[in-house]
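J.: kindly generate the corresponding structure for this input.
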Amino acid sequence: MKHIFIILSFIILPFIILLLVVWSAPLAAQTAIQNLEQQKKQIEADIAYTNSLITKAQSEQKANLDNLNLIQANLVSRQEYISEIDKLLASLSVEITNRQQKIAALYDELTRLKENYAKMLNFAYRNRLPYLQLMYILGSDDFNQAYRRITYLKAYSEHRVSQAKNISRQSEELKSQLSALKVRKSEQQLLFNQKTIELLALDVEEKEYQSTIYALQAKEKELIQDLERKKRQAVLLNMQVQNAIAEETRREAARLREIERRNKEMAARVAADERTLTLNFEKQRGNLPAPVARSVVVTRFGVYEHPVLRGIKVTSNGIDLSTTDGAVVSVVADGVVRRIFTTGSATSLLVQHGLYYTVYTHLKSISVRVGDAVRAGQPVGMVTPAPDSNRAILHFELWKQTAKHNPEEWLSKKV
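T.: Predicted coordinates:
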């Protein structure tokens, strides 16, 4: 009886340990690969959309600043795309190495199981005659020993059957791992090929970018005039937004004092509602929906070098989103419409979210009125092309009272 337990522990325990390792397949690695593939698909869609905007811009006017910004945005997306391919290749290499190690372990264990099973079959063959088994039982010293020997023979027989099943099951697992390895190696080769194609496309786009810069440098006078006009428009928009926010702040404070004079409990509720709007807005930092469903960021927040005019810096209080003419603009969070005003030829909408404000510029067909409560994702108008560029670009700003914030830090990663 003693040696049967030794045999069982020697054969079963390593098998159980191996099964735990094999069946807990690299789920984390597979999940990471799936996430990378999803990000890669998103960037693919972004590149395709930007290319459609570039094609439209080129059909209208070859060398213009909007087109240059689109090409630059596409270069960034293409570089991100290649980076995602590199991450996928690295993850696939790790998974392929892990699978190869598992296959080697499975093969070694399968060989050991087959050797042990062969020994068991040999032992069973030599003791196959029923009378030998009977003599083994009858040779017992007492009834208890006879019972243990009967139990041993039964367990030995069942274990032999179990080992045969284990060998079959492990053989199937080995085939499955080999098949998965083949698929992953095929995916790896496809990615290598795709990376080569993307690097060639990146080289073409970089040359196109430089070519567009050279063409624009020949229009330096026009670019300076355009820059000055945009500066004046930005200053005017900035003054209008600041004045509107200051006026709303004063008006809200006066309204709250009047309510408090008449009903302190109601004033407390109004103040609580304002705090709730502010807190809800702040909780969505990094996850606010884009004001337009499909767009490309062509002008970023802050101070940066002009892409063509050397030594000239440009300041932007928000971001510019290049999109299609007539694209629907939606409010990014719950709030109240506070202003609809015109800056030059551009119509803007100011929405309050507690202490925060969002500004949407270059709108047409505005579907809300001042004082309307709006919900996140609610359409408020459509993007109209700027008369000077003939391109559909939404200018979007985000303020906390009089402090400007970078909208890209608040919007979800892909706008």
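
J.: doesn't residue 329 belong to a strand?
T.: Yes: if the criterion is DSSP: H, G, I helix; E, B strand; the rest coil, then residue 329 is within a strand.

J.: begin at 482 from here
T.: Fine by me, first position is 482 from now on; the one you just mentioned is residue 810.

J.: what number of residues lie near it?
T.: Residues near residue 810, counting by other Cβ atoms under 10 Å, number 28. No exception for glycine: its C-beta is placed from N, CA and C like everyone else's.

J.: and the pLDDT at it?
T.: With respect to pLDDT, residue 810 has a value of 96.

J.: residue 770 is in contact with that one, correct?
T.: No: proximity of residue 810 to residue 770 does not meet the contact threshold set by Cβ atoms under 8 Å, at 11.5 Å.

J.: domains of this protein?
T.: Split into domains by automatic domain parsing, the chain comes to 483-698, 701-890.

J.: any idea which of the ones you listed is most buried?
T.: Most buried of these by mean neighbour count (mean count of other Cβ atoms under 10 Å) is domain 701-890; its value is a mean of 17.

J.: how far does it sit from the chain's center?
T.: Taking Cα atoms, centre = their mean, to the nearest Å, one finds the center of domain 701-890 at 26 Å from the center of the full chain.

J.: any idea how far apart the tips of it sit?
T.: One end of domain 701-890 to the other measures 33 Å (Cα to Cα, to the nearest Å).

J.: cool, and stretch 800-812?
T.: End-to-end for stretch 800-812, by Cα to Cα: 15 Å.

J.: for residue 829, which three-state class applies?
T.: strand.

J.: ok, of the domains of the chain, where does mean pLDDT dip lowest?
T.: Taking the mean pLDDT of the domains of the chain, domain 483-698 comes last: a mean of 69.

J.: which strand or helix spans residue 688?
T.: Secondary structure assigned from DSSP states H and E places residue 688 in helix 624-698.

J.: can you check residue 877 too?
T.: Residue-wise, residue 877 maps onto strand 874-881 under DSSP H and E.

J.: just checking, what packs against that strand?
T.: Under the contact definition 3 or more Cβ pairs under 8 Å, 6 or more residues apart in numbering; DSSP states H and E, strand 874-881 sits against helix 701-743, strand 800-803, strand 837-842, strand 884-886.

J.: again, 6 Å this time
T.: Judged by 3 or more Cβ pairs under 6 Å, 6 or more residues apart in numbering; DSSP states H and E, strand 874-881 is in contact with strand 800-803, strand 837-842.

J.: make TSV from those strands and add distance to residue 675 to it.
T.: Formatted as TSV, the helices and strands packed on strand 874-881 follow (distance: least, Cβ to Cβ, whole Å):
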stretch	distance to residue 675
strand 800-803	26
strand 837-842	38
